[in-house]
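Student: Need coordinates for the following:
(one chain, ligands or ions: 1)
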Amino acid sequence: MTGSAERPAGVGRYGRFGGRYVPETLMEALIRLDGAFTRAMEDPAFRQDLTGLLTHYAGRPTPLTFCPNLSKRLALRVYLKREDLLHGGAHKLNNTLGQALLARSMGKGRIIAETGAGQHGVATAIAGARLGLPVEVYMGEVDIRRQALNVSRMELLGARVIPVASGTRTLKDAVNEALRDWVERVEDTFYLLGSIVGPHPYPLMVRTFQSVIGEEARRQILEREGRLPDTILACVGGGSNAIGIFHRFLADDVRLIGVEAGGEGLETGMHGASLCAGSPGVLHGALSYLLQDENGQVSDTHSIAAGLDYPGVGPELAHLRESGRMEAVSVTDRAAREAFSLLARTEGIVPAMESAHAIARLVEMAGELDRESVVVVNLSGRGDKDVEAPVGPV
Ligand SMILES: *Cc1c(COP(=O)(O)O)cnc(C)c1O
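Tutor: Numbers count the residues shown, from 1 in each chain. Modelled structure (predicted):
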């Protein structure tokens with residue numbers, strides 16, 4: 001889906017980024033989806049259904065946890081927003097429940113999704129099972145082999161996993177196959193995208209469903225500290241957990257830091273840092289930053305955290321970075337591994353390796369922050385899936 005003809009600016013733009021770079025056959029489906037989404041969000045019954053699911057099924061609000069031991073060590077006041085405690089073990093369910101509910105309200109008979117590490121596939125399978133909609137998940141053959149446990153989980157939840165044998169047989173090829181499927185069966189099929197990427201209205205829709213994180217965090221920190229935080233950190237793969245916590249704070253005087261996968265180091269080319277080391281281009285239907293070579297060929301990425309192993313990033317984050325509202329930084333696999341065991345040992349919380357990137361950056365920058373600064377880190381998921389990864393020294 002790279003390299004389609006450029007369309008006029010306007011709808012779904014974040015500065016110069018975003019838009020809809022898709023084949024004509026999908027244009028109408030996106031316009032219809034946009035309309036259905038707008039109507040749903042204005043419909044009190046839809047909002048009530050979604051709030052009910054988030055509260056009584058998924059476990060919202062998630063806690064905002066003060067970390068006494070880490071705070072002491074870093075001479076800061078550190079809080080974690082606990083998306084690791086959401087049903088399924090990560091923030092992803094906020095989005096899949098929202099979109100699955102929308103699919104049902106649109107009368108769609110089937111949901112398709114793509115997955116790399118399998119986590120979005122699992123979250124989609126959970127939502128599909130709860131709402132009684134069949135789910136089919138496209139997944140690269142290489143990823144199916146690497147993520148056998150999540151393949152079993154999806155199948156246990158009643159989803160069908162469709163192997164993708166094209167290209168590098170990983171996530172970006174799975175997205176291409178899912179888009180191809182959608183073009184063919186657009187009438188009865190809902191394509192449930194996993195991050196703030198893709199053509200409009202996906203980045204807006206996913207942000208809307210994930211913004212509950214920041215809504216809660218803002219209320220919770222005001223209750224606890226009587227003021228807003230000085231700094232908020234979140235890891236960035238596609239960017240959905242980051243925009244989810246950042247969005248409600250955009251108009252505030254709060255420093256926002258997105259932490260990308262530095263992998264083996266930016267100089268090695270083995271990383272997933274699209275904002276820090278990429279350039280503007282079109283991938284999967286939107287103009288944003290991506291990792292590409294001089295011919296516009298999408299680069300291979302690497303990260304110890306499967307959820308950050310993606311060559312693109314949401315257009316809204318590209319804009320927030322370019323306009324200076326959000327800082328983008330990267331941390332290496334090694335630093336993330338160290339932060340992973342640091343949080344486990346100091347606070348008794350095993351973070352997802354993705355979330356450990358945000359903790360790692362906090363540790364690196366703690367000395368530059370004012371003493372007793374209030375910092376919130378979005379703990380996007382839990383780390384059970386990562387305990388086999390080699391543990392670093394503390
Ligand atoms: C998928 C995932 C991510 C990365 O996705 P974003 O859209 O950038 O949030 C981060 N953390 C966890 C735990 C994930 O499962």
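Student: Can you give the domain ranges for the chain?
Tutor: 13-56+92-207, 61-89+211-386 (automatic domain parsing).
Student: Figure out which of these is closest to the ligand.
Tutor: domain 61-89+211-386 (2.4 Å; C-beta to the nearest ligand atom). For glycine as for every other residue, the C-beta is placed from the backbone atoms N, C-alpha and C.
Student: per-residue confidence averaged over that closest one?
Tutor: Averaging the model's pLDDT scores along domain 61-89+211-386 yields 97.
Student: ditto for stretch 111-124
Tutor: Stretch 111-124 comes out at a mean pLDDT of 96.
Student: Quote the end-to-end distance of it.
Tutor: Across stretch 111-124, the straight-line distance between its terminal residues is 8 Å, by C-alpha to C-alpha, to the nearest Å.
Student: swap in stretch 269-276?
Tutor: 12 Å.
Student: Return the set of buried residues in it.
Tutor: 270-276 (16 or more other C-beta atoms under 10 Å).
Student: Could you dump the residues you listed into CSV with secondary structure added?
Tutor: Below are these laid out as CSV (DSSP: H, G, I helix; E, B strand; the rest coil):
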residue, secondary structure
M270, coil
H271, coil
G272, coil
A273, coil
S274, helix
L275, helix
C276, helix
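Student: Would you check which of those are in contact with the ligand?
Tutor: With the criterion set as C-beta under 6 Å from any ligand atom, no member of the buried residues of stretch 269-276 is near the ligand.
Student: In terms of helices and strands, where is G258?
Tutor: Here G258 sits within strand 255-263, counting by DSSP states H and E.
Student: which bits of the stretch 151-300 of the chain sit near the ligand?
Tutor: 195, 235-242.
Student: Can you flag the buried ones in these?
Tutor: Buried members of these, counted by 16+ other C-beta under 10 Å: 195, 235-242.
Student: Narrow those residues to those in helices?
Tutor: Those of those mapping onto helices are 240-242, per DSSP state H.
Student: My reading is that E177 lies in a helix. Confirm?
Tutor: Yes - counting by three-state DSSP, E177 is part of a helix.
Student: hang on, it packs against E114?
Tutor: Yes - counting by C-beta atoms under 8 Å, E177 does reach E114; the two are 7.3 Å apart.
Student: more crowded one of those two?
Tutor: Taking other C-beta atoms under 10 Å, E177 and E114 do not tie; E114 has more neighbours (28 against 20).
Student: Which strand residues bridge that one?
Tutor: Beta-bridge partners of E114, counted by DSSP bridges, are Y138.
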